[in-house]
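Undergrad: the following comprises the amino acid sequence and a computationally predicted model.
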Amino acid sequence: MGQVGKRLALIDGVEKVTGQMRFAADDAVAGLAHAALLFSPHPHARVLSLDAGKVLAMAGVIGVWWHQTTPQNGYNSAIWLAGQQLLADERMFPAVVRHVGDRVAVVLADTEATARAAIELLEVTYDVLPAILSPEGAQAHTGPTVDADRQPTYLNPVAEVALDHGDVAAAFARASHVSQTHVTTPRSHHCAIETHVCRAWPEANDRIAIHSPCQSVFAVQAVVAQALGIAADRLHVTKSPIGGSFGGKAEPILDPICAFLAMQTGRVVQLQLSRHETFTATRTRSATEGRMRIALAADGRILGRDVVVTVDIGAYCTGGAYLPGSMLQRMVRLYDVPAERYRGRAVYTNTLPTGAFRGYGSPQIHALGEIALDLAARDAGFDPVALRLRNIVGPGAIDPWQGLNLGNARGADCLRRGAKAFGWETRAKLAPGTGRFRRGVGMAAATHINGCFPGDDESTTATLGLQADGGIVLNCALHDLGCGSDTTLAQIAAEVLGLGLQNIRVTPADTDTCTYDLGTRASRMTYIVGEAVRKAALALDQAIRDAAALALNAAAQDLTLLQGCVQSARTRISLADLAAWLVARKTALPSATQTHRATANPGSFAAHFAEVEVDTLTGRVQVTDYLAAHDIGRAINPMLVEGQIHGGIQIGLGYALYEDVAVDPGTGRLRGDSFARYTLANAPEMPPIRTLLVEEAEPTGPFGAKAVGEIATVAVAPALVNAVNAALGTRLTDLPLLPERIILALQN
Amino acid sequence: MTPDAIPRDRLTLWVNGREVSVIADPHDRLSHILRDRLGLTGLKEGCCEGECGACTVLVDDHPVASCLMLGFQAEGVRITTIEGLTQGGGLSGLQQAFLTYGAVQCGFCTPGMVMAAEGHLRANPDGDRAAIRHALAGNICRCTGFALIVDAVESEAERRQADLSNAMEAGA
Amino acid sequence: MTLLNVCRPTSLAELVAALRGADPVHLIAGGTDLLVGSRALPDAGRLVDLTALPALRGIDTTGPDIRIGAATTAAEIERHAGLALRYPALVQAAAECGSVQIRNRATLAGNIANAAAAADLIPPLLLAGARIAGLTQGGAECEISLQDYQAGSGMLITTVILLAEGFGPDSAFVKLGPRRDLTIARLNLAVTAQVQDRQIVEPRIVAGALAPRPIPLLHAASVLGARGPDADGLRAFLDALSAEVDAAIPGRASQGWKRQAIRGLGIDLIARLLKLSNRDPLFDGVM
Ligand SMILES: Cc1cc2nc3c(=O)[nH]c(=O)nc-3n(C[C@H](O)[C@H](O)[C@H](O)COP(=O)(O)OP(=O)(O)OC[C@H]3O[C@@H](n4cnc5c(N)ncnc54)[C@H](O)[C@@H]3O)c2cc1C
Ligand code: FES
Ligand code: FES
């Protein structure tokens, strides 16, 4: 009842603003033991020996483990289901370390200070091996997947995906304008403010509990079981509140070690990384290098595209093998292009592994596609907005790769309404100026998915039940990553049940009490889980009315739920009274479980517009104005939607302008390995932002809703790069646009 | 008393209006003491390098990064953590503003952000937007993009101004 | 666990006592350099905190020379009205030092003793011919010029003295880093001069982050003084700044960018000195 579409505060907001939220490292536990890791200083080396003599003599040290004393089961930290076929090339502590920051040993001690001090005293000898530090080097390196010691080596490429759709050669032959653009995207880091952390402890019945800020408790269970070589049901995983993830905590990196130590020692074990360690020893967004050729007709139709991308996935497979396919999937869902040729390959290097980061390939492929299209527009004399409008897919379009219907695709509305609100037509015609500071506007369009269909079985089960006190509990494997999905889902339930948000209680994911769910990823929370919750709420509504019919001696179809009561024209009972009435009669309280299985994957769309001012002397870029138009279907909570968009712009702005962990091509070390050396946009860097929501209801989404979480960041970098190129008349295509690169481009 | 005679393993700190006594190692940072010894886990740490502001507390009303202060350096000053803003139970006006303006997402930066904003408003009640952004430059939020945070602080400044002028009118 | 003992003297007598009889002695002030991230802290000897000594704090601008207590924070410098009138360059540098949280702790002497190439407070101090008074390792009083100060020498700085003849009536500081706010300088510049009807008389300039220590830009300053800030003069000045970069970091990867960026920063510096916007028409013809 009037809950959907409201700007409601987070259901867990009070805990957050008061600091009462118990994040994973916050609970005081007597006898908590702390682990600290020793990391490889070499990009590729065999670990020959470890002398822990000094450490074992230290007071407060519980133990030291390394590859000779830990399970050597191969695993892949990116799986989300037991038995998922994905190259299992990771070890908790490998005998051959494969990147600077790979794990060599762990110390467990009574305090974190002792554990960290002890790490410094471990003596390790290495046999340093040749390292591959660039994707070019990787292309040349092929070999067996496993060497004589059964250690994984480098089979490059790890994955290859190709699409040949339509007659590309003919398209280029017919074209009035042909352009080619080469774009590189950097390795960027999630920088969630909470560093990676995990706790584990022994539980009854020979089980291990893991409490972890994760994106899927079931993924944690599957990965840890694989790494430890134990049955998954010995692991009880619960999701803790999470201080930001953005994909960075999607893969359980610490959990296997933490669980192993708890198992070995019987202690409650905490393993938390320092900020520096989150940079060097977790995941980044993969760096890519891409070339796109575009064939344009005289009227601006895109006749064909020819694309080659190389994805540097780092030292372990993780989910990197999926990236070339993900990038292709996102690429072909934006424009209606009759002929496409795509070659994507993922390669190993001796650099830190890559993983999910807000968009999973989408930011990379959109950087390539949207910068390339802008330069093509410039060369052929088309307005960037008009060119996109000419080609963007419409409602009901079918993508050429997976053959999926894109649903109520409203990209064109984003372009039209966004351009109008931004004043594109006038502003795009303004001269950039000739002085030191040049102004320019740029824009980019983007699309993203809603869930994992058809790649995965997109089923999820939600249970809603009336509690004895009249409250409603929502049980579903929920992983709110901070974006407010618990609130959104509660709003959906409350809407159906005629309740306020305060009546709904949401329980976080727990492998013991929740049915399987894929977790928070692929922009699936609102669209997929939201629909499961809506269906469960409808079923509960029915169940409550049935129960109340007896209590009120009325017909169920005459009853409605409103403001916490079940009522008809002449009578009413509050949910609390109804619950009490049922309990008194020893009758089961109404509850409803519904499984929603999605069989669609519509597109979310966006068009972003930016104005920048570039200092042609220092190369500094200031973003001076920003407008983001999003095809959201229906905003369940517009305030949270806007929050997602604003946050996505902060991340995208960094992606465009400064963020790069910058692997040193000589040493394999990261240059951007701390907040001081990895620049993030802070408050003064942010432009004024306007958001515009296109709410044209997606029929398959709950109340018409579609996703916004990932797409929020996808169009940002190309919009900004296009604006800088417009301001300067340059063809900058290597991200980030560091001042050096801008100055160099101006000089050439 | 000569410096040598001062027992440095026991510290007396003045936190959230109360005097507390803790045993600490000379290396212990204020942030660790507040979290681990005093259980004030509303305080967060995101970097331990002074760059993220998650650990911000007020020292004599001024925001400082408690990760860059050793515990023994904090004797004799007035320390306020996020827990000190809600004494008496309810949310402070600033906390309420963070909630209603959507200035909170994951909530990890929030305690530090609120403390930095509180420190700013105590010294600069006027609520100038650019000044608020400048005052929050030492607090990184990876979720919100800052704008809704600045909105929240601005609205709280206006509320306090209004309260002040009401009080003055009432007094006049 | 550690063999370190700590103390927090509140008077000079206590301080002198603390310096004696422990080996080694380490000093800590705001901790904003010493305590950053994973830097190893001393684990033996004595750590002396300098922030509780009233004698090491405060700014006195009433005499001909300006005297600043070593443990005065950047925030205190930023807020000091008297100092802003007499030596704006230092106040501007302090205002751009880190974030609020950092400025509330970072001390003047800490900035000097940490001796980073990009330290923001040092260029204005060097320009002013600052002298530093303090105690030698043995506890004896001493006073030397900042120019001669060697970081790591063990000297405890108690007071920083800006000599009246050292700083012109007008001065300015600007910096350039990856962000506008809370950013480590990739270049900074300080100037002191006398401004008369937009004429810049006897300017002196120091640049940071161009060499291991901030360096005077004698050539650029002389061009500025000789030519004056009209379009031609400014262009000659900017050329001279680029030439200074070429001389300071020949062949360095950052040379190409810095020789250009310093032109922008040079304009910002002059604008600030003349109390103009860096978009003033005066700078239009300079490109
Ligand atoms: C996030 C962040 C941002 C920063 N931004 C800037 C910036 O923009 N510009 C800039 O210049 N700096 C910056 N810094 C560096 C730092 O804040 C300054 O250098 C500051 O002035 C150091 O002072 P402190 O009192 O904190 O020094 P401490 O860390 O306490 O000490 C630093 C060194 O000085 C020695 N020392 C301290 N006092 C004395 C004394 N009286 N006599 C002799 N030796 C002494 C100490 O023994 C130590 O070796 C930043 C630091 C951080 C963490
Ligand atoms: S933890 Fe102190 S500033 Fe980041
Ligand atoms: S709300 Fe997540 S970091 Fe700010």
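TA: The structure has been received and is ready for your questions. Residues are numbered from 1 along each chain as shown, chains lettered A, B, ... in the order given. Ligands and ions are numbered 1, 2, ... in the order given.
Undergrad: residues in contact with the residue of the stretch 101-250 of chain C found nearest chain B?
TA: Nearest to chain B, among the residues of the stretch 101-250 of chain C, is C:D181, at 3.7 Å (CB to the nearest CB). All C-beta atoms are positioned from the backbone trio N, CA, C, and that covers glycine. Counting by CB atoms under 8 Å, 6 or more residues apart in numbering or on different chains, C:D181 touches A:682-685, B:133-134, B:137, C:99.
Undergrad: try A:V612
TA: A:V612 makes contact with A:439-442, A:621-624, A:720, A:723-724, A:727, according to CB under 8 Å, 6+ apart.
Undergrad: which of the residues you listed are buried, as a PyMOL select command?
TA: The following PyMOL line selects those of the contacts of A:V612 that are buried, judged by 16 or more other CB atoms under 10 Å in any protein chain shown:
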select buried, chain A and resi 439+440+441+442+621+622+623+720+723+724+727
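Undergrad: a markdown table for the contacts of A:V612, including distance to A:Q542, pLDDT and secondary structure?
TA: Output for these, formatted as a markdown table (distance: CB to CB, whole Å; pLDDT from 0 to 100; DSSP: H, G, I helix; E, B strand; the rest coil):
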| residue | distance to A:Q542 | pLDDT | secondary structure |
| --- | --- | --- | --- |
| A:R439 | 59 | 98 | strand |
| A:G440 | 57 | 98 | strand |
| A:V441 | 53 | 98 | strand |
| A:G442 | 52 | 98 | strand |
| A:V621 | 56 | 98 | strand |
| A:Q622 | 56 | 98 | strand |
| A:V623 | 51 | 98 | strand |
| A:T624 | 54 | 98 | strand |
| A:L720 | 50 | 98 | helix |
| A:A723 | 53 | 98 | helix |
| A:V724 | 56 | 98 | helix |
| A:A727 | 59 | 98 | helix |
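Undergrad: and stretch A:385-399, how far out from the chain middle?
TA: Relative to its chain's centre, stretch A:385-399 lies at 26 Å (CA atoms, centre = their mean, to the nearest Å).
Undergrad: could you do stretch A:230-237 as well?
TA: 25 Å.
Undergrad: quick one: buried residues of that stretch?
TA: Buried residues in stretch A:230-237 (16+ other CB under 10 Å): A:230, A:234-237.
Undergrad: which among the residues you listed gets closest to ligand 1?
TA: Nearest to ligand 1 among those is A:V237, at 36.3 Å by CB to the nearest ligand atom.
Undergrad: so that closest one: helix, strand or coil?
TA: Look at A:V237: counting by DSSP: H, G, I helix; E, B strand; the rest coil, its state is strand.
Undergrad: okay, it: pLDDT?
TA: Looking at A:V237, its pLDDT reads 98.
Undergrad: contacting residues for it?
TA: Counting by CB under 8 Å, 6+ apart, the residues that A:V237 touches are A:209-212, A:214, A:217-218, A:220-221, A:224, A:255, A:509-511.
Undergrad: what does the nearest residue to it once chain neighbours are set aside show for phi and psi?
TA: Of all residues not flanking A:V237 in the chain, A:V217 sits nearest, at 4.1 Å (CB to CB, 6 or more residues apart in numbering or on different chains). Dihedral angles of A:V217 (phi, psi; degrees, to the nearest 10) stand at phi -60, psi -30.
Undergrad: mind naming the longest helix for chain B?
TA: helix B:147-171 (DSSP state H).
Undergrad: residues in contact with the closest residue to chain C within chain B?
TA: As assessed by CB to the nearest CB, chain C sits closest to B:G138 within chain B, at 2.5 Å. By CB under 8 Å, 6+ apart, B:G138 lies in contact with A:682, B:50-51, B:53, B:56, B:63, B:65, B:116, C:98-102, C:182.
Undergrad: out of the residues you listed, who's near ligand 3?
TA: Subset of the contacts of B:G138 in contact with ligand 3: empty, counting by CB under 6 Å from any ligand atom.
Undergrad: any weak-confidence spans in the chain?
TA: Defaulting to chain A. A:1, A:141-154 (pLDDT under 70).
Undergrad: chain C, not that one
TA: C:1-2, C:38.
Undergrad: now with 50, please.
TA: Chain C contains residues with pLDDT under 50 at C:1.
Undergrad: before we move on, what about chain B?
TA: For chain B (pLDDT under 50), the answer is B:1-7.
Undergrad: which residue is nearest the centroid of it?
TA: Central residue of chain B (CA atoms, centre = their mean): B:M115, 2.7 Å from the mean position.
Undergrad: does A:D26 touch B:T41 like I think?
TA: Yes. Counting by CB atoms under 8 Å, A:D26 does reach B:T41; the two are 4.1 Å apart.
Undergrad: who's more crowded, these two?
TA: The neighbour count for A:D26 versus B:T41, taken as other CB atoms under 10 Å in any protein chain shown, is higher for B:T41 (22 against 18).
Undergrad: quick check: chain neighbours aside, which residue is closest to A:A24?
TA: That would be A:S240: by CB to CB, 6+ apart, it lies 3.9 Å from A:A24.
Undergrad: count of neighbours near residue 130?
TA: By default, I'm working from chain A. A:P130: 10 neighbours (other CB under 10 Å).
Undergrad: you answered for a different chain; I wanted chain C.
TA: Neighbours of C:A130 (other CB under 10 Å): 26.
Undergrad: what about the residue in chain B that ligand 1 sits nearest to, distance to ligand 2?
TA: Per CB to the nearest ligand atom, B:G50 is where chain B lies closest to ligand 1, at 3.1 Å. Distance, B:G50 to ligand 2, using CB to the nearest ligand atom, to the nearest Å: 5 Å.
Undergrad: please apply the same query to A:V14.
TA: Applying CB to the nearest ligand atom to A:V14 and ligand 2 gives a distance of 24 Å.
Undergrad: using the record's assignment, carve chain A into domains.
TA: Per automatic domain parsing, the structural domains of chain A span A:31-130+A:196-272, A:366-450+A:601-747, A:454-597.
Undergrad: okay, the contacts of A:V612 in a markdown table with distance to A:L155 next?
TA: Listed next are the contacts of A:V612 as a markdown table, based on distance: CB to CB, whole Å:
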| residue | distance to A:L155 |
| --- | --- |
| A:R439 | 49 |
| A:G440 | 44 |
| A:V441 | 46 |
| A:G442 | 40 |
| A:V621 | 40 |
| A:Q622 | 45 |
| A:V623 | 42 |
| A:T624 | 48 |
| A:L720 | 37 |
| A:A723 | 41 |
| A:V724 | 39 |
| A:A727 | 44 |
